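Q: From the sequence below, what's the structure:
(2 chains)
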Number of protein chains: 2
Amino acid sequence: MYRTHTCGELRLANVDQEVTLSGWVQRVRDLGAMSFVDLRDRYGITQLVVDETSDASIRDAVNQLGREFVVQATGVVRERSSKNDKIATGGIEISLTDVKILNKADLPPFTIEDETDGGDEIRMKYRYLDLRRSPVRENLVLRSKMAHAVRSYLNDMDFIETETPVLIKSTPEGARDFIVPSRMNEGQFYALPQSPQVFKQLLMVSGFDRYYQIVKCFRDEDLRADRQPEFTQIDCEMSFVEQEDILNLFEGMTRDLFKQIKGIDPGVFARMPYATAMSKYGSDKPDIRFEMLIEELTSTVQGQDFKVFDEAEYIGGIVVKGAATFTRKKLDKLTDYVKRPQVGAKGMVYVKCNEDGSLKSSVDKFYDNEQLKRWVETTGAKVGDLILVLSGDKSHTLNALGELRLEVARQEGLMDKETFKPLWVVDFPLLEWNEESGRFHAMHHPFTSPKKEDFDLIESDPGAVRANAYDLVINGVEIGGGSVRIFDKDLQSKMFDLLGFTHEEAQSQFGFLMDAFKYGAPPHAGIAFGFDRLVSMFAGLDTIRDVIAFPKNNSGRDVMIDSPSMVDKSQLEELQLESTVKADKE
Amino acid sequence: MYRTHTCGELRLANVDQEVTLSGWVQRVRDLGAMSFVDLRDRYGITQLVVDETSDASIRDAVNQLGREFVVQATGVVRERSSKNDKIATGGIEISLTDVKILNKADLPPFTIEDETDGGDEIRMKYRYLDLRRSPVRENLVLRSKMAHAVRSYLNDMDFIETETPVLIKSTPEGARDFIVPSRMNEGQFYALPQSPQVFKQLLMVSGFDRYYQIVKCFRDEDLRADRQPEFTQIDCEMSFVEQEDILNLFEGMTRDLFKQIKGIDPGVFARMPYATAMSKYGSDKPDIRFEMLIEELTSTVQGQDFKVFDEAEYIGGIVVKGAATFTRKKLDKLTDYVKRPQVGAKGMVYVKCNEDGSLKSSVDKFYDNEQLKRWVETTGAKVGDLILVLSGDKSHTLNALGELRLEVARQEGLMDKETFKPLWVVDFPLLEWNEESGRFHAMHHPFTSPKKEDFDLIESDPGAVRANAYDLVINGVEIGGGSVRIFDKDLQSKMFDLLGFTHEEAQSQFGFLMDAFKYGAPPHAGIAFGFDRLVSMFAGLDTIRDVIAFPKNNSGRDVMIDSPSMVDKSQLEELQLESTVKADKE
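A: Reported below is the predicted structural model:
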């Protein structure tokens, strides 16, 4: 061992002890008579000191130290004359009796401090140096702690952690697979799993009863900030349970995490039907840290010869508390926001409920005071509030109102990162209509069971059938989702019919699962959590990238190891493959 | 919830309670007046009973039950008149008041009992049914428990579990990589990791100090019973430590596992230099549950005009206790064993130390009694023992003696599966000569550090340099291995020279690691355990396949999901690849 203590553990109680520390030189301050060295390791920073009483050879050695040198330092713990109460070791320092350079270091391309001068690109290229910075490393420490807390909870609940295979079979449904050529099976390919869905259901058929796994999944999709080609799920499945059992158990797990990791009790999780989420929040993942619900105004505002509204399928508004004083500029900016193609509204109407009791709207030409009073009644706006109204076809307008609601909340500081409001969104539709393919797609996946009370709608109005499907949403972020599965062969066949699968297609894609179901499938249900997102939410971050040790960029590249890369032609030949990329054919 | 209790938890204390159980029908016994149903779930088996006092509808329902039907059963707990003390619930039975078939089942292709009638192939095809059998499932439960115990131990020791990427970069060194075409990066490929070696070393450069991960690794190698294309490692690395620290910490972890999981304290682990392992056990992974060490006889037996011995580089023997009574047939079988091409000896010589004090050998023509006495002295054989002798070139003969030793132990029942003798094999050679390439290869890997005391041999006699490398061997199986890494740039360059890497080759393959080392690499060391093997040893199994939920066969196929498989031509086109397999080109 190169040390007796870490750089984070010495205290006043250790004064007069001889100790040896090892770590990286954070900073050297040469004050002439004295020199101070901040020595850093994962556990903290300890101040080393030499002064005129120190051996000349040690003073020389200290003078040779550069930033990020790796050093083994021996000395005696002393009480500091001027203490630093910002760090845990700030009461003491080490009076050096020996110092050894274990490794020199080139000057790093950016400073290894909590606040660095390095841009995103250079920090990704030197990720191993960025990971040296405490805030970055602490995200990974948090991740490790959370994984262990999840495992402990589920183990206590008798779950079996079971590893499912990574080399599986490609299925044309869903997102794009990464495929892996098989050398031993000519012309054939494995696929990397997008999720262990089928395997966890098979494990239920096997009677495993309670399964979980913290597992890497893969999707070859075009990337954005919150997506990585490889990501991690907490994947769970249980037998002989109903929706209520799953919600309770995993609410317990999530609450346990909040308590253990953040010291917060988020209380009983709210529940909301999908239909309410859509109509009141314009989103299937409502952020319920703040109100500002959407109120429908269609019948209230139509019929006053304002063509925009009269021709709209739907008109709705939100009330911004105390925002009657918003400037023209601020309102224009919000209008610009809703008109962005990603939001897609045509324009925005407002009503200010002024402190003096007067109402001032952007459509005063069409609506008089009496009429505007009805808007106020319908929306429940109070004196000093602002009503923001959008119109158009129903689903787009609700969506735009949802986005507007979030934007206002961001601007008004309503999204406190240390407030957590978990929410179960339930009663998702079983199916969603896909315009492109002209048929229904499974909203969750083809094994999701319809609600019993909606069985009679399956033939008559499939789009209205609700599913035993649920999402866990925290602060507007979808953290997990799952469903009660179909375990009845006949119902599963009917489901495939609804989804437009021929018998052959269903058989070729899910045949082995269907076969398995013949031999006694128990009722079962499951859930999967996006572990990266869960950690990044606990860390107060906006992107999952910072909770992944070695993430990829938006082109799916690891710029540190420069991957992906070309491979030897012989490797491809062995796999009986040829690249059709031109540059490669020279 | 479909049950109030599991099938494993009811006891006499529950008598008179109304309970609901769910599970699979293991067996129905119709005794006319009464019928018994064994209901099974993961937790156990509970006996259900109907008799003439039961409702006719329930008796009818019970009569419809078939093997592996999924059933929800309600009834009252009663004390059994004839108890079954082989199962935990054997004191009670459930007098049924209601029974509901949740799912019917086709007759399974083999019996779902501890001892099944299913062959290997059919059980692999219906793996989900094989996993229903208790002994198979219990292996996976054991695996889950062991993983959690490992994690708890390492978390307590301040290790950070860090996920390293699965989509990495192909390197031509080592075993063959699985590669993954990148759609977003034309003509380029990811590789699946053979181990996270480079990443864990980078994490040490990052100051993570203590890293571990239970992680899937991949090798596209031709398979045998104990190899799978994807396998799981407990992968660990520590900074500021020396070999002794690693051995102690991971001996602690392994001992903890033995205590917690098997209730065994294996005591302090033995240690043995590689050279001793080779000369006394003929193997780098000695099974030390039994003695039967190899003794060299070269100088003892040469010079008596026995040409076979006189021309041999090396002659050695083992003493089999009390085996002077071995029959001719038994000796012939052992001779056949050592002559198998996998063992490769030319023949075997024996000396029987008979109870009457006489010596009888297979080379009496060349050696008289006095001479044979010297064999007895050298080997330490006692009256009643048998000396088995092999000769030839040194390394092959030691290896053959090692195999013979194991074969005799197998036959004599010296390999008790419930005795565990862990052993650290240390002081491995740094390099091994590769005849084919005419150069040295790294025995462990190119980052393994040479022993300080052997530094001066690096130039003069590289083959004699010992490494700070170690293996954990239990009962003759290599369970883990690792090394103290080189953290000095100059030493690393010298190592690459020794291995015949040009500067360019070293740079292109390990450039980013070498670059990272410029910025202050700490002294570090690590180890990786084969988790599949560790579990299979704890389970008392000979193959890792039975501790993997969904293993692949020797052609790398998952016969259950029929993978790998053909993919759509469009998938290949999107990846700019073409198959050169003929059948595929039609």
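Q: what are the phi and psi angles of the nearest residue to A:Leu129 once chain neighbours are set aside?
A: Leaving aside its chain neighbours, A:Leu129 sits nearest to A:Pro108 (5.4 Å; criterion: Cβ to Cβ, 6 or more residues apart in numbering or on different chains). The C-beta positions use only the backbone N, C-alpha and C, and glycine is treated the same way. Note on A:Pro108: its backbone torsions stand at phi -70, psi 150 [degrees, to the nearest 10].
Q: same check, this time on the one 10 residues further on
A: With angles defined as degrees, to the nearest 10, A:Gly118 sits at phi -80, psi 140.
Q: same check, this time on the one 5 residues further on
A: Note on A:Arg123: backbone dihedrals following degrees, to the nearest 10 are phi -70, psi -30.
Q: Tell me who's in contact with it.
A: Neighbour list for A:Arg123: A:110, A:116, A:129-130 [criterion: Cβ atoms under 8 Å, 6 or more residues apart in numbering or on different chains].
Q: Please narrow the residues you listed to those residing in helices.
A: Among the contacts of A:Arg123, the members found in helices (DSSP state H) are A:129-130.
Q: Out of the contacts of A:Arg123, which two sit at the greatest distance?
A: Pairwise distances across those (Cβ to Cβ) peak at 9.3 Å, for the pair A:Thr116 and A:Leu129.
Q: so what sits against both of those two?
A: A:110, A:123.
Q: Pick out whichever of the two has more residues nearby.
A: A:Leu129 (28 against 18; other Cβ atoms under 10 Å in any protein chain shown).
Q: Point to the helix or strand of chain A where mean pLDDT is at its lowest.
A: When each helix and strand of chain A is scored by mean pLDDT, DSSP states H and E, helix A:503-517 comes last, with a mean of 84.
Q: right, and the helix or strand after it?
A: strand A:524-530 (DSSP states H and E).
Q: List the buried residues in the longest helix seen in chain A.
A: The longest helix of chain A (DSSP H) is helix A:134-156. Neighbour-count burial for helix A:134-156 flags A:134, A:136-137, A:139-155 (criterion: 16 or more other Cβ atoms under 10 Å in any protein chain shown).
Q: Check whether A:Leu193 really touches A:Gln213, as I assumed.
A: Careful, residue A:193 is Pro and not Leu. No: the pair A:Pro193 / A:Gln213 is not scored as a contact, 10.8 Å apart, by Cβ atoms under 8 Å.
Q: Pull up the overlap in contacts between those two.
A: With Cβ under 8 Å, 6+ apart as the test, A:Pro193 and A:Gln213 both reach A:Thr164.
Q: A helix includes A:Gly463, no?
A: Yes: A:Gly463: assigned to a helix according to DSSP: H, G, I helix; E, B strand; the rest coil.
Q: That one contacts A:Trp433, doesn't it?
A: Yes: here A:Gly463 reaches A:Trp433: they are 6.1 Å apart, a contact under Cβ under 8 Å.
Q: Mutual contacts of the two, please.
A: The contact sets of A:Gly463 and A:Trp433 overlap at A:Phe440 (Cβ under 8 Å, 6+ apart).
Q: Report the closest residue of the stretch 401-550 of chain A relative to chain B.
A: Nearest residue of the stretch 401-550 of chain A to chain B (Cβ to the nearest Cβ) works out as A:Gly520 at 3.5 Å.
Q: what about the spatially closest residue to that residue that is not a sequence neighbour, how many residues close to it?
A: Leaving aside its sequence neighbours, A:Gly520 sits nearest to B:Ala105 (Cβ to Cβ, 6+ apart; 3.5 Å). Applying other Cβ under 10 Å, we find 22 residues neighbouring B:Ala105.
Q: cool, and A:Lys489?
A: The local packing of A:Lys489 (other Cβ under 10 Å) involves 14 other residues.
Q: Tell me, what's the model's pLDDT at it?
A: At A:Lys489, the model reports a pLDDT of 83.
Q: now A:Gln492
A: 88.
Q: which one is it nearest to, not counting chain neighbours?
A: In space, and not counting its chain neighbours, A:Gln492 is closest to A:Ile486: 4.8 Å by Cβ to Cβ, 6+ apart.
Q: so that neighbour makes contact with A:Lys452?
A: No: in this structure, A:Ile486 is not within contact of A:Lys452 by Cβ under 8 Å, at 12.0 Å.
Q: From A:Ile544, how far out is the closest residue to A:Met124 other than its chain neighbours?
A: Spatial nearest neighbour of A:Met124, excluding adjacent residues (Cβ to Cβ, 6+ apart): A:Val559 at 5.2 Å. A:Val559 is 17 Å from A:Ile544, where distance means Cβ to Cβ, to the nearest Å.
Q: and those two? which has more neighbours close in?
A: Between A:Val559 and A:Ile544, counted using other Cβ under 10 Å, the more crowded position is A:Ile544 (23 against 17).
Q: pretty sure the more buried one is touching A:Met537, no?
A: No: with contact defined as Cβ under 8 Å, A:Ile544 does not count as touching A:Met537 (9.5 Å).
Q: tell me the domain ranges of chain A?
A: Following automatic domain parsing, one gets these domains for chain A: A:12-103, A:142-264+A:528-546, A:290-412, A:422-525.
Q: First residue to last residue on the last one, what's the distance there?
A: The first residue of domain A:422-525 is 21 Å away from its last residue (Cα to Cα, to the nearest Å).
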